[in-house]
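Engineer: how would this look folded up:
(2 chains)
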Amino acid sequence: MDTPLPQICDGIVIDQAAIQRRVAELGVQIAEEFAGQDLRLVTVLKGGLFFLADLCRACETQLAIDFLAVSQYSAGVGGMVRVTKDLSDDIAGASVVLVEDVVDTGLTVNYVYSLLKAHGPARLEVCTLLDKPSRRIADVPITYTGFTLPDRFVVGYGLDVRGRYRNLPYVASVKEEAIFS
Amino acid sequence: MTAAPDTPATPQLPQPLNHPPLDEINFAHASERVAAEILDFYRINWLYEPKTFPLEWDGKGNVIVSFSPDFYLVDFDLYIELTTMSQKLVTKKNRKVRRLKELYPDVNIRIFYQKDFRALLARFGMATTPVAHANGGGVLPAETNKQE
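Structural biologist: Sure, this is the predicted structure:
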């Protein structure tokens, strides 16, 4: 059964079939390029969870998965981003692909990239399902991109608005009044 | 006896922030302070209005129009101009940024509009509220915009 479009959305930007096709292509590409290497797919909770789950099954090679979680900015609180859940396994000397749902300003991925780099992997690449380059602040190197999107606020396939709609099987754009209410 | 799990130690990252305390910086608009907090949060090295670019000169060579972008991100060699103001001021700023790019093509600058700022805060799960025109207009996170 098709998942109905939530009321806050005004259209599907990338449908489920297109996501599946692209994730399969990325899986094949990553499996080929990392063949014979100690491959680890790492994502940042919670948004990257859905992409990682599909991507790792599309990679027909031996690999391991791991997860990180980082704190989120809250206005007026101060402080700096910190790891709230670190990797479970040592990645020193491994080939790591950081799997992201979206790279937007690049602030989060820039921090996580630096953090993973400090763990000493032999190779570190970034794979994002969605790239929104128009609002980039921190220019991080992205090796694998699923889709490049214009500057629209989207939800689904891991992306949320106030914690909701991550479980949509497609990526949908959100009405402005729903984001900014 | 069971071996301890092979959990890696969290590496320590450098703590940049080579700017004065936020309370000592005279931000032109409250949203700029929020932007500074966000950059600090993500450990991005920044400077506030570190450079003024002359844009127009009179016949005697005196500068008559100049522009000071809000932030300079040291590690990315990028200037950021944040504009959460009225459309009239946005148009004026757009014109200045365009002129800056013409005169200084090697300078990287990106302009962030009110919509971008609100979208960024929305990604953090934060609602925004409008700021009174007398207080500079634009929007702020609802949490920091409790007017008495």
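Engineer: in its sheet, what does the helix or strand that contains residue B:54 sit against?
Structural biologist: Take DSSP states H and E as the rule and residue B:54 turns out to sit in strand B:53-57. In the sheet, strand B:53-57 lines up against strand B:63-67 (antiparallel) (DSSP bridges).
Engineer: Which elements pack onto the helix ranked longest in chain A?
Structural biologist: Scanning chain A for the longest helix, with DSSP state H as the assignment, gives helix A:16-33. On a contact count with 3 or more C-beta pairs under 8 Å, 6 or more residues apart in numbering or on different chains; DSSP states H and E, helix A:16-33 meets helix A:49-58, strand A:123-131, strand A:144-148. (Each C-beta comes from the backbone N, C-alpha and C, glycine too.)
Engineer: Contacts only, for the residue nearest to residue A:137 when sequence neighbours are not counted.
Structural biologist: Among residues not flanking residue A:137 along the chain, residue A:105 sits closest, at 4.5 Å (C-beta to C-beta, 6 or more residues apart in numbering or on different chains). Applying C-beta atoms under 8 Å, 6 or more residues apart in numbering or on different chains to residue A:105 gives the contacts A:135, A:136, A:137, A:138, B:120.
Engineer: Show me those that map onto helices.
Structural biologist: Within the contacts of residue A:105, residues falling in helices by DSSP H are residue B:120.
Engineer: Any chance of the contacts of residue A:105 in a markdown table with neighbour count and pLDDT as columns?
Structural biologist: Formatted as a markdown table, these follow (neighbours: other C-beta atoms under 10 Å in any protein chain shown; pLDDT from 0 to 100):
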| residue | neighbour count | pLDDT |
| --- | --- | --- |
| A:135 | 17 | 82 |
| A:136 | 18 | 89 |
| A:137 | 22 | 89 |
| A:138 | 21 | 90 |
| B:120 | 21 | 79 |
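Engineer: For the contacts of residue A:105, give me CSV that also has distance to residue A:86.
Structural biologist: What follows is these, written out as CSV (distance: C-beta to C-beta, whole Å):
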residue, distance to residue A:86
A:135, 28
A:136, 27
A:137, 25
A:138, 21
B:120, 26
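Engineer: Show me which residues of the lengthiest helix in chain B are buried.
Structural biologist: Longest helix of chain B, by residue count under DSSP H: helix B:87-103. For helix B:87-103, a neighbour-count test (16 or more other C-beta atoms under 10 Å in any protein chain shown) marks B:93, B:96, B:97, B:100 as buried.
Engineer: again, but for stretch B:68-82
Structural biologist: Using 16+ other C-beta under 10 Å as the test for burial, stretch B:68-82 gives B:69, B:70, B:71, B:72, B:73, B:76, B:78, B:79, B:80, B:81, B:82.
Engineer: do it and chain A meet?
Structural biologist: Yes. Under the criterion of C-beta under 8 Å from any C-beta of the partner chain, chain A is reached by stretch B:68-82 at B:73, B:76, B:78, B:80.
Engineer: Not counting its own residues, what contacts that stretch?
Structural biologist: Contact partners of stretch B:68-82, identified using C-beta under 8 Å, 6+ apart, comprise A:137-139, B:16, B:18, B:28-29, B:31-32, B:35-36, B:39, B:44-53, B:93, B:97, B:100, B:107-112, B:117.
Engineer: any chance you could map the helices in chain B?
Structural biologist: Counting by DSSP H, the helices of chain B are B:30-41, B:87-103, B:114-123.
Engineer: tilt between the first one and helix B:114-123?
Structural biologist: The reference is to helix B:30-41. Orientation note: helix B:30-41 sits at an angle of 50 degrees relative to helix B:114-123 (axes from the mean of the first three to the mean of the last three C-alpha atoms, to 10 degrees).
Engineer: packing partners for helix B:30-41?
Structural biologist: The contact analysis (3+ C-beta pairs under 8 Å, 6+ apart) places helix B:30-41 against strand B:46-48, strand B:71-73, strand B:78-83, helix B:114-123, strand B:139-141.
Engineer: can you check the second one too?
Structural biologist: Using 3+ C-beta pairs under 8 Å, 6+ apart, the elements in contact with helix B:87-103 are strand B:53-57, strand B:63-67, strand B:78-83, strand B:109-113.
Engineer: Pick the most buried one from those.
Structural biologist: Most buried of the helices and strands packed on helix B:87-103, by mean neighbour count (mean count of other C-beta atoms under 10 Å in any protein chain shown): strand B:78-83, with a mean of 22.
Engineer: average pLDDT for that strand?
Structural biologist: If you average the pLDDT over strand B:78-83, you get 90.
Engineer: Enumerate the residues of chain A near chain B.
Structural biologist: Within reach of chain B by C-beta under 8 Å from any C-beta, chain A has these residues: A:72-76, A:78-81, A:83, A:86-92, A:104-105, A:107-108, A:110-111, A:114-115, A:118-119, A:135-139, A:151, A:153, A:161-163, A:179-181.
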